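Asks: Provided below for reference: sequence and predicted model.
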Amino acid sequence: THSSNSQGKVYIAALQSLVNKLHLNGTVRFWREYLPYERLMSVLQAADVFIHPSNDPAISSSGTLSMAMACGLPPIATPFYHAKDMLRGRRGFLMDFGNPASFAAQASRLVSDPILRANVSHRASEYMRHASWAEVGKQYALLLQKA
C-alpha cells in the first residue's frame with residue numbers, strides 16, 4: 001500500500017500488529033518506500049507467492065502484480081480491475097475484498113500444493129512473456145515493417 005496517506009499508515013500498522021501477534025517477524029517484511037527496480041526484482045525472485053490485497057476495486061493497473069507474474073510468482077489478489085484480467089485462465093487466485101478467510105484459503109492452497117503452485121507459476125510467467133521489453137520491441141519492429 002502507499003504508506004504516504006493516512007489510510008495506508010493505519011492499514012500498515014494493523015498488518016504489522018498482526019505479524020507480531022502471529023510471530024511472523026522473521027518471515028514478513030514491510031518497506032515504507034518504493035524499492036529501486038533491482039531491489040524489487042531481487043525481493044520478488046526470493047518469494048514463493050505474491051499477494052496483492054487492496055481495498056480499492058477501481059485499480060486499473062499494478063506494476064508489481066505484472067512484475068511478480070513475470071518472475072513466475074503465483075499471485076493472489078483482491079478482484080480489482082487489473083487483477084481480474086491478469087489472473088484469468090488459472091494464472092492466479094482472487095480473494096474477496098475485506099475477507100481474510102478468503103485470503104487464507106487461497107494462500108493455504110498454494111503453500112500446501114507444490115504442483116498447483118508450479119502450474120500457476122508457469123501459467124503466470126508464460127502469460128507475461130509477451131510483455132517483456134524484448135517482445136514488445138519485436139512486435140513494434142514487425143508492425144513498422146508492415147507499414
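Replies: Received the coordinates, thanks. Everything numeric here is computed off the predicted structure, so don't read it as measured data.

Asks: can we go C-alpha only for contacts and neighbour counts from here?
Replies: Will do.

Asks: Next, the buried residues of stretch 16-30.
Replies: By 16 or more other Cα atoms under 10 Å, the buried positions in stretch 16-30 come out as 16, 19.

Asks: Report how far apart the opening and closing residues of that stretch are.
Replies: Using Cα to Cα, to the nearest Å, the end-to-end distance of stretch 16-30 comes out at 8 Å.

Asks: How far away from the center of its chain is it?
Replies: Relative to its chain's centre, stretch 16-30 lies at 19 Å (Cα atoms, centre = their mean, to the nearest Å).

Asks: With stretch 70-79 instead?
Replies: 4 Å.

Asks: Over to stretch 44-58?
Replies: 3 Å.

Asks: first vs last residue of that stretch, how far apart are they?
Replies: 24 Å.

Asks: And the contacts of it?
Replies: Outside stretch 44-58, the residues that touch it by Cα atoms under 8 Å, 6 or more residues apart in numbering are 1, 65, 68, 71, 73-81, 97-98, 110.

Asks: likewise stretch 109-117?
Replies: Outside stretch 109-117, the residues touching it (Cα under 8 Å, 6+ apart) are 49, 74.

Asks: what distance separates the start and the end of it?
Replies: End to end - Cα to Cα - stretch 109-117 spans 8 Å.

Asks: Okay, buried residues for it please.
Replies: 110, 117.
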